[in-house]
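A.B. asks: Below: sequence and its predicted model.
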Amino acid sequence: MRCMLGVRCPDMTQKSIGKQALELHKKLQGKIEVKSKMPVKSMADLSRCFG
């Protein structure tokens, strides 16, 4: 059986959620990504994104 994103996890009782999270973090080099919908090339662009 496979759990999230292909990380092997035969039984939820055998492997804690914390261990799964650490495996995902190592595999993906982080788990969350923030991506801009527009190019941000300057501080002014960044300011407009948050304005």
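C.D. replies: Yep, that arrived.
A.B. asks: what stretches of this structure score poorly on pLDDT?
C.D. replies: 1-15 (pLDDT under 70).
A.B. asks: residue closest to the middle of it?
C.D. replies: In the chain, the centroid-proximal residue (CA atoms, centre = their mean) is Lys31; its distance is 1.8 Å.
A.B. asks: Which of the three states applies to Glu33?
C.D. replies: Counting by DSSP: H, G, I helix; E, B strand; the rest coil, the backbone at Glu33 sits in coil.
A.B. asks: farthest residue from the center of this protein?
C.D. replies: In the chain, the residue that sits farthest from the middle, by CA atoms, centre = their mean, is Ala44; the gap is 27.4 Å.
A.B. asks: That one: helix or strand, and which one exactly?
C.D. replies: helix 43-50 (DSSP states H and E).
A.B. asks: Please apply the same query to Lys19.
C.D. replies: In the assignment (DSSP H and E), Lys19 maps to helix 17-28.
A.B. asks: That helix: which residues count as buried?
C.D. replies: 20, 23-24 (16 or more other CB atoms under 10 Å). In this view, the C-beta of every residue, glycine as well, is placed from N, C-alpha and C.
A.B. asks: picking up where we left off before, export the helix holding Ala44 to CSV, keeping only CA atoms.
C.D. replies: Extracted C-alpha coordinates of helix 43-50, given in CSV (Å, rounded to 0.1, in the frame of the first residue of the first chain):
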residue,chain,number,x,y,z
MET,A,43,10.6,45.2,-4.8
ALA,A,44,7.9,47.3,-6.6
ASP,A,45,6.4,44.1,-8.2
LEU,A,46,6.5,42.4,-4.8
SER,A,47,4.7,45.3,-3.2
ARG,A,48,2.0,45.2,-5.8
CYS,A,49,1.4,41.6,-5.1
PHE,A,50,0.7,42.3,-1.4
